[in-house]
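Chemist: sequence unknown, structure follows:
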Ligand SMILES: [Ca+2]
Ligand SMILES: [Ca+2]
Ligand SMILES: [Zn+2]
Ligand SMILES: [Zn+2]
């Protein structure tokens, strides 16, 4: 009986849960969820997390992993969606969001890393920052424990 | 005994070969190769192709599949590289190239689809277009045979 169009709590909880799972596996704690909003109902289509450590992957970030988990979808489905991600999206994930014309992105935080939010906005994507302490703490803990792996993930080392 | 810094023929042949393999598998004929240039030697680090049809993948385009095939690399390695791709890179693949700060992209053609070349150039990436008839013919044949799959790949249907 909610009157809001977007259930952002549902989406961000799904993303945070994936980030937490990744951390428990020894991986980078960034998660994402692709959520569709149709007739006032928000539905998690897919949720996943960064798999750099777990699969030695160069391209499975939270957002791209969620898109891959969702599988092949029609353009009309992507256009009903919000991408929830615990961290501001990097250039690659920003590009994936633009490719599929996902109209809305909700991020957990951008204090640890600020991605291509300006590019998203310049292309008409709505970007909402929840400034979540939980997201910041999870990632900061990882970075303090494994700084090399973090810098590798953002293309810096 | 070549005096050129980049063996573009080697790189584009590897990309075209992957595109041709993909077509033979019933897939989208777009291939890519990540090639490093060190001390005048060009070395193919990885080559792959679009896997939308073969793996129902939403994120394995030629360039991202080549990056995934290459695995986790240090930033210093990416910076010696050219990404060869039979087609002008889409927003996602452009973002992946920017994430890893790959300094040079050689494309087979951009007549069939023009990607985010302007964004690449604005971020300092060198973009070379070989305007290859072979690349155009391969992709045009696929598009005429399977237009829906092609439009799905570029986020249009
Ligand atoms: Ca990530
Ligand atoms: Ca592609
Ligand atoms: Zn990313
Ligand atoms: Zn692409």
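Modeler: Looks like it came in fine. Nothing here was measured: the structure is a model prediction, and the numbers come from that model. Ligands and ions are numbered 1, 2, ... in the order given.

Chemist: hmm, stretch A:96-109 in reach of ligand 4?
Modeler: No - using C-beta under 5 Å from the ion, stretch A:96-109 stays clear of ligand 4, with a minimum separation of 6.8 Å. Placement of C-beta: from N, CA and C, glycine included.

Chemist: give the buried residues for the longest helix along chain A.
Modeler: In terms of residue count, the longest helix belonging to chain A (DSSP state H) is helix A:8-24. Going by neighbour count (16 or more other C-beta atoms under 10 Å in any protein chain shown), the buried part of helix A:8-24 is A:8, A:10, A:11, A:12, A:14, A:15, A:16, A:18, A:19, A:20, A:22, A:23.

Chemist: how about the last one, nearest residue that isn't a chain neighbour?
Modeler: This points to residue A:23. Closest residue in space to residue A:23, ignoring its immediate chain neighbours: residue A:29 at 3.8 Å, by C-beta to C-beta, 6 or more residues apart in numbering or on different chains.

Chemist: I'd assumed residue A:142 was in contact with the one you found.
Modeler: Yes - taking contact to mean C-beta atoms under 8 Å, the distance of 5.2 Å between residue A:29 and residue A:142 places them in contact.

Chemist: find residues that contact each of these two.
Modeler: Contact criterion C-beta atoms under 8 Å, 6 or more residues apart in numbering or on different chains; residues bridging residue A:29 and residue A:142 by contacting each: residue A:23.

Chemist: how about the helices in chain A?
Modeler: Across chain A, reading from the start of the chain, the helices by DSSP H fall at A:8-24, A:52-55, A:62-70, A:75-78, A:91-99, A:117-122, A:133-145, A:147-153.

Chemist: make JSON lines from these and add distance to residue B:133 and mean pLDDT to it.
Modeler: Formatted as JSON lines, the entries for the helices of chain A read as follows, by distance: least, C-beta to C-beta, whole Å; pLDDT from 0 to 100:
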{"stretch": "helix A:8-24", "distance to residue B:133": "45", "mean pLDDT": "98"}
{"stretch": "helix A:52-55", "distance to residue B:133": "38", "mean pLDDT": "97"}
{"stretch": "helix A:62-70", "distance to residue B:133": "33", "mean pLDDT": "98"}
{"stretch": "helix A:75-78", "distance to residue B:133": "30", "mean pLDDT": "96"}
{"stretch": "helix A:91-99", "distance to residue B:133": "27", "mean pLDDT": "98"}
{"stretch": "helix A:117-122", "distance to residue B:133": "33", "mean pLDDT": "98"}
{"stretch": "helix A:133-145", "distance to residue B:133": "48", "mean pLDDT": "97"}
{"stretch": "helix A:147-153", "distance to residue B:133": "39", "mean pLDDT": "94"}
